[in-house]
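> Would you be able to build a 3D model of this:
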Amino acid sequence: MSTAGTHGILVPGAIDARFTLTRYAPRAELAEIIERYWIVRWALEEPHAQETLPHPNVNVVIGAHQPGVHGPQRRRFVANLAGTGWVVGAKIKPGAFRAFVDVPMTELAEHTWPVARVFPELDAQVAAAEVDAERVARFEAVLLAAEPVVDDEMREANRIVMLAQSAPSIAHVAELAARARLPVRSIERLFRSHVGVTPKWVVRRYRVHEAAERAARGDAVEWSLLAHELGYADQSHLIRDFKAQIGMTPARYAAMCRQNDPATTRPALVAEPVAETVTACSSGAVTNR
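Purely as a prediction, here's the structure:
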């Protein structure tokens, strides 16, 4: 599974009606650090709220909506979009923001730093660009100029997060540790320093991401079978976890996705982007954060 899809974007059918989302792959020199760059544009007659269920990533964002260095967010992220605007961002791979700052990622989790705290020239450089491709190129030049250095702990943190993402049936940290061939305590220490959220949180998040993605496809879902597939003890445990993270039951969420009408949904959010273009109509900012 890859975050290049719609995992983490809630009610993804709203995308085509609300905004354009363009994704760019990083150049080779930054491929171990940057998952992708993303640009969202919107032109709305009425305000729109778009939700995402964030990934365990740092996002560096420039533009009209909530610029900043956004640490991993545990709660649903809501982007309230209005009028016209654009944002451009870099989605940093889990564990890799330590290439730019020498602080534990627990200090950034649930927080947003001013961009200038880490990249003093970034805002001015991106604002001076006239077209999207130039914005991404200038963004990337500033990141390269910071001379980030990737070490083995960053690579290991990303590897373990990707294990959890690629196997949403993992139900417990002990199982993740067994697959990673590392002690649980070692993974917990690594996540505190390099990811900013716990491995238990990551396991729970990716299971709910997968359940939400299945619900959003529009196909009939046998929730008891999906609960078993995702490693839950029973359907009630899936429903409880889903509701805690998304705020409603899986069945209600599936019905909302089938309606495919942003006007009927509650306040929603923005998700994030990569290499290819995902077209939409005219709207807000959306990325799989």
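> so residue 214 touches residue 229, yeah?
No: in this structure, residue 214 is not within contact of residue 229 by Cβ atoms under 8 Å, at 9.3 Å. Where you see a C-beta, it was placed from the backbone N, CA and C, and this is true even at glycine.
> any idea how far the longest helix seen in the chain is from the chain center?
Counting residues, the longest helix found in the chain (DSSP state H) is helix 199-216. Offset of helix 199-216 from its chain centre (Cα atoms, centre = their mean, to the nearest Å): 12 Å.
> Go through that helix and flag the buried ones.
Of all the residues in helix 199-216, those buried under the rule 16 or more other Cβ atoms under 10 Å are 199, 201-216.
> Can you name every helix or strand that that helix contacts?
helix 152-166, helix 173-180, helix 184-194, helix 235-246, helix 250-259 (3 or more Cβ pairs under 8 Å, 6 or more residues apart in numbering; DSSP states H and E).
> Strands of the stretch 51-200 of the chain, start to end?
With DSSP state E, counting those that start in this stretch as the criterion, the stretch 51-200 of the chain has strands at 58-63, 68-70, 77-81, 84-92, 112-113.
> Could you tell me the least trusted of these?
Mean pLDDT values for the strands of the stretch 51-200 of the chain show the minimum at strand 77-81, a mean of 89.
> Give me the sheet partners of that one and which way each runs.
As defined by DSSP bridges, the strand partners of strand 77-81 come to strand 48-52 (antiparallel).
> between the strand it pairs with and helix 235-246, what angle do the directions make?
130 degrees (axes from the mean of the first three to the mean of the last three Cα atoms, to 10 degrees).
> Can you give the distance from strand 48-52 to the centre of its chain?
Here strand 48-52 is found 13 Å from its chain centre; the criterion is Cα atoms, centre = their mean.
> and if you look at stretch 36-48?
In terms of Cα atoms, centre = their mean, the centre of stretch 36-48 is found 16 Å from the chain centre.
> ok, and for that stretch, which residues are buried?
Applying a neighbour-count criterion of 16+ other Cβ under 10 Å, the buried positions in stretch 36-48 are 36-44, 48.
> of all those residues, which two lie farthest apart?
Spatial extent of the buried residues of stretch 36-48 (Cβ to Cβ) is set by the pair 36 and 44 at 24.6 Å.
> Could you say which one of the strands of the stretch 51-200 of the chain comes nearest to residue 104?
strand 58-63 (12.8 Å).
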